[in-house]
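Q: model this:
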Amino acid sequence: MAEAIVDHAAAETAKPKLDGGTHVGGKIAFLLVLLAALGFAAWNILRDVGGAGEAMAGGVFALLGLALLIALGFEFVNGFHDTANAVATVIYTHSLPPLVAVVWSGTWNFIGVMMSSGAVAYSIVTLLPVELILQVGSSAGYAMIFSLLIAAIIWNLGTWALGIPNSSSHALVGSIMGVGLANQFMAPVGQATSGVDWSQASKVGQALLFSPLCGFIASGLLLLVMKLLIKNKTLYQAPKANEAPPWWIRGILIFTCTWVSWAHGGNDGQKGMGLIMLILIGAAPTAYALNRTMSDNAMPAMIKSIDAAEKVFVAHAGAAPPPTTAQARQVAGDALRTRQLATPQVFGALAVLSTEIETSVKEYKTLRLVPAAAVPNLRNDMYMVGDAVRLIGKQKGAVAPAEGKALGGLVKQLQAGTRFIPIWVKVAVAVALGLGTMVGWKRIVVTVGEKIGKTHLTYAQGAAAEFVAASTISLAEAYGLPVSTTHILSSGVAGTMAANGSGLQWSTIGSIASAWVLTLPAAIFLSGTLYFLLRTILPH
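A: The predicted model follows:
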């Protein structure tokens, strides 16, 4: 009994001190960085809009500003909710002081966002209803953006207040599904309307489902392998009270924390980027609907890919007379909503639309010179053709392998012309995510550090959990898949506790599992309800 009391007292003294306040200079620096980032974003918007010769009404500009603030608010909440997982191990092993850890993690989140590819950003966008993407500047488009972002923020703040690690990715995907379902239910009878892209949702869902299982199993196995190969006992001991670990262990833990923070920024930061681009396209299509930075030298390659794809379209279109451009847009749009794409009528429509795109590219020589009046149609044609061809490529037997290669080249060229992230958007998201890391992190840190296992986190457990999390997130980013930093890391800590025979605090595990199960239905309900209310309130 006395020995248990001593062990408990030792564990209590080994806990890091998290109650230190922030110096007034730090608060001022925080505020200055925030204001500088917002000012930088506003200046770039005005410059881009002015450079494109686009007139923007005051009301539209105000709506754009509100939408951007909500989108950046989502990334800010994401920062202090998800990134707290990355710093829990270095804080609870005394590898870094709490304040230094969160600033360090925030900095590497910033770097991760700036180095990201943008692939995850648009994998999230493809989950949205196609007609809302094509008409994102309408009241329905703004209702979509506001609903899904506000719903995700509400759920994230609720789980944060309870100190429950929860996935922002999970919440955002659920919110998108809620908007898609509500959009489908609200459609007039007989009107072709897209709801949820279940094939893409399934792909994303598998990634989210895989992440906690991967974290638990891989982290536990890695710890066992470490015990087998590395015999240094210090690595498997709980930290001593207020004492930093040996330099080599400390270096390992700081490295894994850095990697997790960088990977988190590269993956999670992109989710807000894709939505911000939709907002910008809706409010200022001339400036943002087409990639005006695309090199003039890239136009011949785009024309060549269109020519190759047109031959495939014509070969599968049959003998029916080609539709008019308006009819082709209607056929392609309906096919994207119903997902019935590999038909002669759709191939005929795609042939007409690709010809329209090629004509515009040849006429204007570069996307930068496309006039304002022509931008919406050209962008929508490029999006519809690219997305339709992408989905046709997923249907087995729809086209021959050689034809699939030609269509794949077209998709790549069209996406280069419509899928891009301006540097200032990356900077704004990076600052929001990085600053969010430095606020409100204590609740989640305490849960990960103290409430998952029954014993104090050892150096090896922290390193194993973070190594698995960082490598998994980095791999997912390379494949354009959104995954949950929270689920991977918290389940990784649980896996190391189980492998070590330390025991688990099942009340905490139950809370995390409940949040994991409830996030999708809760986010679907919140965003669907908000979408219905906003569609009712906003003018059509």
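Q: For residue 79, which non-adjacent residue is closest in space?
A: Leaving aside its chain neighbours, residue 79 sits nearest to residue 436 (2.2 Å; criterion: C-beta to C-beta, 6 or more residues apart in numbering). For glycine as for every other residue, the C-beta is placed from the backbone atoms N, C-alpha and C.
Q: On the secondary structure side, give me the element for the one you found.
A: helix 423-437 (DSSP states H and E).
Q: Helix, strand or coil: sort out residue 96 for me.
A: Counting by DSSP: H, G, I helix; E, B strand; the rest coil, the backbone at residue 96 sits in coil.
Q: which residues does the closest residue to it other than its chain neighbours contact?
A: Once flanking residues are discounted, residue 96 sits nearest to residue 90: 4.6 Å by C-beta to C-beta, 6+ apart. Neighbour list for residue 90: 96, 101, 253-254, 257, 462 [criterion: C-beta atoms under 8 Å, 6 or more residues apart in numbering].
Q: Now render the residues you listed as JSON lines, adding pLDDT.
A: What follows is these, written out as JSON lines (pLDDT from 0 to 100):
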{"residue": "96", "pLDDT": "85"}
{"residue": "101", "pLDDT": "85"}
{"residue": "253", "pLDDT": "85"}
{"residue": "254", "pLDDT": "90"}
{"residue": "257", "pLDDT": "87"}
{"residue": "462", "pLDDT": "84"}
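Q: JSON lines for those, including secondary structure and distance to residue 483?
A: JSON lines is the format used below for the contacts of residue 90 (DSSP: H, G, I helix; E, B strand; the rest coil; distance: C-beta to C-beta, whole Å):
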{"residue": "96", "secondary structure": "coil", "distance to residue 483": "25"}
{"residue": "101", "secondary structure": "helix", "distance to residue 483": "23"}
{"residue": "253", "secondary structure": "helix", "distance to residue 483": "22"}
{"residue": "254", "secondary structure": "helix", "distance to residue 483": "23"}
{"residue": "257", "secondary structure": "helix", "distance to residue 483": "18"}
{"residue": "462", "secondary structure": "helix", "distance to residue 483": "20"}
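Q: Buried subset of the residues you listed as a ChimeraX selection?
A: Only the buried entries of these go into this ChimeraX selection, using 16 or more other C-beta atoms under 10 Å:
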select :96,101,253,254,257,462
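Q: how far does stretch 49-58 sit from the chain's center?
A: 29 Å (C-alpha atoms, centre = their mean, to the nearest Å).
Q: pLDDT averaged over the helix or strand harbouring the residue nearest to residue 96 - what is it?
A: Assigned by DSSP H and E, residue 90 falls within helix 84-92. Mean per-residue pLDDT for helix 84-92: 77.
Q: got the angle for that helix vs helix 423-437?
A: 50 degrees (axes from the mean of the first three to the mean of the last three C-alpha atoms, to 10 degrees).
Q: what's the distance between helix 84-92 and the middle of its chain?
A: 22 Å.
Q: CA atoms of that helix as CSV?
A: Extracted C-alpha coordinates of helix 84-92, given in CSV (Å, rounded to 0.1, in the frame of the first residue of the first chain):
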residue,chain,number,x,y,z
ALA,A,84,-2.3,19.4,-29.2
ASN,A,85,-1.8,15.7,-29.9
ALA,A,86,1.6,16.4,-31.5
VAL,A,87,3.0,18.2,-28.5
ALA,A,88,1.6,16.0,-25.8
THR,A,89,4.5,13.5,-25.9
VAL,A,90,7.3,16.1,-25.8
ILE,A,91,5.6,17.9,-23.0
TYR,A,92,4.9,14.8,-20.9
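Q: if I look at residue 501, how far off is residue 223?
A: Residue 501 is 11 Å from residue 223, where distance means C-beta to C-beta, to the nearest Å.
Q: which one of these two has more residues nearby?
A: residue 223 (25 against 7; other C-beta atoms under 10 Å).
Q: ok, now which ones touch that one?
A: Counting by C-beta under 8 Å, 6+ apart, residue 223 has contacts 460-461, 464, 495-496, 499-500.
Q: 10 Å instead, please
A: For residue 223, the contacting residues are 236, 458, 460-461, 463-465, 468, 492, 495-500, by C-beta atoms under 10 Å, 6 or more residues apart in numbering.
Q: Just read off the phi/psi values of the residue positioned nearest the centre of the chain.
A: Centroid-nearest residue in the chain: residue 271, 2.4 Å away (criterion: C-alpha atoms, centre = their mean). Per-residue torsions, residue 271: phi -60, psi -40 (degrees, to the nearest 10).
Q: Measure how buried residue 119 is and give me the count.
A: Neighbours of residue 119 using other C-beta under 10 Å come to 18.
Q: how close does it get to residue 421?
A: 10 Å.
Q: Now do the shared contacts for these two.
A: 270, 274.
Q: ok, then the element right after the least confident helix or strand in the chain by mean pLDDT?
A: One helix or strand of the chain scores below all others by mean pLDDT, DSSP states H and E: helix 2-14, with a mean of 45. Downstream of helix 2-14, the next assigned helix or strand under DSSP H and E is helix 24-51.
Q: Quick one: list the elements packing against that next one.
A: helix 58-82, helix 247-283, helix 285-288, helix 423-437 (3 or more C-beta pairs under 10 Å, 6 or more residues apart in numbering; DSSP states H and E).
Q: Tabulate the ones you listed (CSV), appending distance to residue 389.
A: Shown next, in CSV, are those (distance: least, C-beta to C-beta, whole Å):
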stretch, distance to residue 389
helix 58-82, 29
helix 247-283, 20
helix 285-288, 23
helix 423-437, 26
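Q: domains of this protein?
A: 22-187+197-287+425-537, 292-418 (automatic domain parsing).
Q: Packed most tightly, which of the ones you listed would that be?
A: domain 22-187+197-287+425-537 (a mean of 21; mean count of other C-beta atoms under 10 Å).
Q: hey, where'd the strands end up in the protein?
A: For the chain, no strands are identified by DSSP state E.
Q: Now for residue 327: which residues touch it?
A: Residue 327 neighbours (C-beta under 10 Å, 6+ apart): 345, 348-349, 352.
Q: Now the phi/psi pair for the residue lying closest to residue 244 once chain neighbours are set aside, please.
A: Nearest residue to residue 244, sequence neighbours excluded (C-beta to C-beta, 6+ apart): residue 94, at 5.2 Å. Note on residue 94: backbone dihedrals following degrees, to the nearest 10 are phi 60, psi 20.
Q: hang on, isn't residue 94 packed against residue 246?
A: No - the pair residue 94 / residue 246 is not scored as a contact, 11.4 Å apart, by C-beta atoms under 10 Å.
Q: Quick check: neighbours shared by the two?
A: Contacts common to residue 94 and residue 246, judged by C-beta under 10 Å, 6+ apart, are residue 459.
Q: Per-residue pLDDT of residue 355, please?
A: So, for residue 355, pLDDT stands at 94.
Q: and if you look at the one 5 residues further on?
A: Per-residue pLDDT puts residue 360 at 92.
Q: List the contacts of it.
A: 367, 370, 374-375, 377-378, 381-382.
Q: repeat for residue 248
A: Counting by C-beta under 10 Å, 6+ apart, residue 248 has contacts 232, 234-235.
Q: Just give me the closest of the residues you listed to residue 143.
A: For the contacts of residue 248, the residue nearest residue 143 by C-beta to C-beta is residue 235; the value is 53.4 Å.
Q: what's the nearest residue to the closest one if we skip its chain neighbours?
A: Nearest one to residue 235, counting by C-beta to C-beta, 6+ apart, is residue 460 at 4.6 Å.
Q: which residues touch the one you found?
A: Neighbour list for residue 460: 93, 222-223, 226-227, 230, 232, 234-237, 249, 252-253, 496, 500 [criterion: C-beta under 10 Å, 6+ apart].
Q: Please flag which of these sit within helices.
A: 222-223, 226-227, 249, 252-253, 496, 500 (DSSP state H).
Q: Let me know whether residue 397 touches residue 316 as I believe.
A: No - between residue 397 and residue 316 there is no contact under C-beta under 10 Å: 11.9 Å.
Q: Kindly point out which residues are neighbours of both of these two.
A: residue 342.
Q: Any regions of the stretch 1-150 of the chain where pLDDT drops low?
A: Residue ranges of the stretch 1-150 of the chain with pLDDT under 70: 1-23, 26, 81-84.
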